[in-house]
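[1] For reference, the sequence and a predicted model appear below.
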Amino acid sequence: MLHYGLDVHTKYTTYHALDDAGRSVGEGRVANTREEFERLFARHPGPCRATMESCIAWPHVYNLIWDLVEEVQLAHPLAAKLIAWNHVKTDRLDARALAILLRSDLIPQAYLAPREIRDLRALVRHRLKLVQLRAVVRNTTHHVLFRTGHQRAVSDLFGVSGRNWLRELPLDPVDRNIVARNLAAADSFNSLIADADRELRDTLLPHPAYALLQTIPGVGPLIAAICIAEIGDIRRFPSAKQVVSYAGLVPSEYSSGGKVRRGHITRVGSRILRWAAIEAAFHFCRKVPAAEARYTRIRQERGAGVALVATAANVLRVVHGVWKSGRPCQAGLAPPVRPLVT
């Protein structure tokens, strides 16, 4: 068996291969094409396996090599760096370190999501990015008003009354054209977001957890979609605490010599899942009396931020319980799936 460590980049991959005895049998660099990898693995016929760190280009390389090797392991980049830390960092040394870890079965494996989950993640993140770009356009319009000294007279500049108010503003031709373009861009983003919502809905309707998660107070269609995309398979988390940790919502801990110190949350894990849990926490604590009482107590003792994070962690515990049990959060059937709300 040969063990290939792959240091993946967007255009090329640096490799290092070891045999079972730990001897180096090859190293170099190949372009990220199917032909290059076929020639690479054909140089040493026989069973082989490969590992690479999770990065932006790993899905492309995985699709190129998954059927050329016996096994592909995805390494957690932070954990692998801690295990194989070196004063000198080069692509060649990184590939060799990965090969050594793979040969010794010491790869700290990351979740190698199947193709359908990767596609769902891409769609969810695309939808979130569209909302961010729309916010940039809206903020630019507000900036024009600040710069020209106009006080906003309506709550929503992009609603019917807001647009009518903008048309009547005494603006210079340049500023008026900027506002007009921003309104057109906002309409375009609204259309793109609606298209992404429909695609998400059509993709997730057959998923058994999609409607189920929406029975949780504060969890709507978008939050449910994020949970499914980021968690992937709930069976890989035996306990709810592991889901909370995956979202980076557990406190950091420094223990030594019998002394225990806990600090801020780790923020290590899925940033999008953490954001979704915090968004859901706002509504969860308002709709669940017990959660509201706990939020109020923690806020009085430790502040609103800590209380909100604690509520977000509780939301993920409920998500884990509902999803794994297959039962709605409240008695009765799950409500009809609502359209995504922007």
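    Nice, I can see it.
[2] Would you quantify the distance from residue 47 to residue 1?
    According to CB to CB, to the nearest Å, residue 47 stands 5 Å off from residue 1. Using the backbone N, CA and C atoms, a C-beta is placed for each residue, glycine as well.
[3] Mind listing the shared neighbours of the two?
    Common neighbours of residue 47 and residue 1 are listed as residue 70 (criterion: CB atoms under 8 Å, 6 or more residues apart in numbering).
[4] Look at those two and report which has more neighbours.
    Between residue 47 and residue 1, residue 1 has the larger neighbour count (other CB atoms under 10 Å), namely 12 against 9.
[5] Go ahead and confirm that one touches residue 48.
    Yes: using CB atoms under 8 Å, residue 1 is in contact with residue 48, at 6.5 Å.
[6] Please enumerate the shared neighbours of the two.
    Joint contacts of residue 1 and residue 48 (CB under 8 Å, 6+ apart) are residue 70.
[7] Report the buried residues of the longest helix along the chain.
    Of all the segments of type helix in the chain, defined by DSSP state H, the longest one is helix 115-148. The neighbour-count check on helix 115-148 (16 or more other CB atoms under 10 Å) flags 117-118, 120-121, 123-124, 127-128, 130, 133-134, 137-138, 141, 144-145 as buried.
[8] ok, now stretch 183-200?
    183, 185, 186, 189, 192, 193, 196, 197, 200.
[9] how about those residues in TSV, adding pLDDT?
    As requested, the buried residues of stretch 183-200 are exported to TSV (pLDDT from 0 to 100):
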residue	pLDDT
183	96
185	97
186	96
189	98
192	98
193	97
196	97
197	96
200	96
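[10] On the three-state scheme, residue 10 is what?
    coil (DSSP: H, G, I helix; E, B strand; the rest coil).
[11] Grab the nearest non-local neighbour of residue 252.
    residue 263 (4.4 Å; CB to CB, 6 or more residues apart in numbering).
[12] Now do the same contact list for that neighbour.
    Per CB under 8 Å, 6+ apart, neighbours of residue 263: 251, 252, 253, 254.
[13] Around the third one, how many other residues sit close by?
    Meaning residue 253. 10.
[14] Wasn't it part of a strand?
    Yes: assessed with three-state DSSP, residue 253 lies in a strand.
[15] Give me the nearest residue to it, chain neighbours excluded.
    residue 262 (5.2 Å).
[16] Next, the buried residues of the helix or strand hosting the one you found.
    Assigning secondary structure by DSSP states H and E places residue 262 in strand 259-265. By neighbour count on 16+ other CB under 10 Å, the buried set for strand 259-265 is residue 265.
[17] Which stretches in the chain count as strands?
    For the chain, strands defined by DSSP state E occupy the ranges 2-8, 12-18, 24-31, 48-53, 71-75, 251-256, 259-265.
[18] Which of those sits closest to residue 311?
    Closest approach to residue 311 among these (CB to CB): strand 259-265, 12.9 Å.
[19] Now that closest one: average pLDDT?
    Averaged across strand 259-265, the pLDDT comes to 84.
[20] So what's the gap between the longest helix of the chain and the chain middle?
    15 Å (CA atoms, centre = their mean, to the nearest Å).
[21] Which neighbouring elements make contact with it?
    helix 173-204, helix 221-231, helix 271-287 (3 or more CB pairs under 8 Å, 6 or more residues apart in numbering; DSSP states H and E).
[22] Serialize these to a markdown table and add fields for distance to residue 10.
    Converted to a markdown table, these look like this (distance: least, CB to CB, whole Å):
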| stretch | distance to residue 10 |
| --- | --- |
| helix 173-204 | 25 |
| helix 221-231 | 23 |
| helix 271-287 | 21 |
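[23] what's the distance between the residue nearest the centre of the chain and residue 231?
    When CA atoms, centre = their mean is applied to the chain, the residue found nearest the centroid is residue 272 (4.2 Å). Counting by CB to CB, the gap from residue 272 to residue 231 is 11 Å.
[24] Then residue 300?
    32 Å.
[25] Comparing these two, which shows the higher neighbour count?
    Taking other CB under 10 Å, residue 300 and residue 231 do not tie; residue 231 has more neighbours (24 against 10).
[26] Wait, that one touches residue 276, no?
    No: between residue 231 and residue 276 there is no contact under CB under 8 Å: 10.5 Å.
[27] And this structure, split by domain according to the record?
    2-103, 115-203, 208-325 (automatic domain parsing).
[28] just so I know, which of those lies nearest residue 109?
    Nearest to residue 109, of all the domains of the chain, is domain 2-103, at 5.6 Å by CB to CB.
[29] what is the mean pLDDT for the closest one?
    Averaged over domain 2-103, pLDDT sits at 94.
[30] Between the two ends of that domain, how far is it?
    8 Å (CA to CA, to the nearest Å).
[31] Kindly report the same for stretch 59-75.
    For stretch 59-75, the end-to-end distance is 13 Å (CA to CA).
[32] Pull out the buried positions in it.
    Buried residues in stretch 59-75 (16+ other CB under 10 Å): 59, 61, 62, 64, 65, 69, 72, 73, 74, 75.
[33] residues making contact with that stretch?
    1, 4, 6, 8, 13, 32-34, 37-38, 41, 47-54, 58, 98, 101-102, 107-112, 118.
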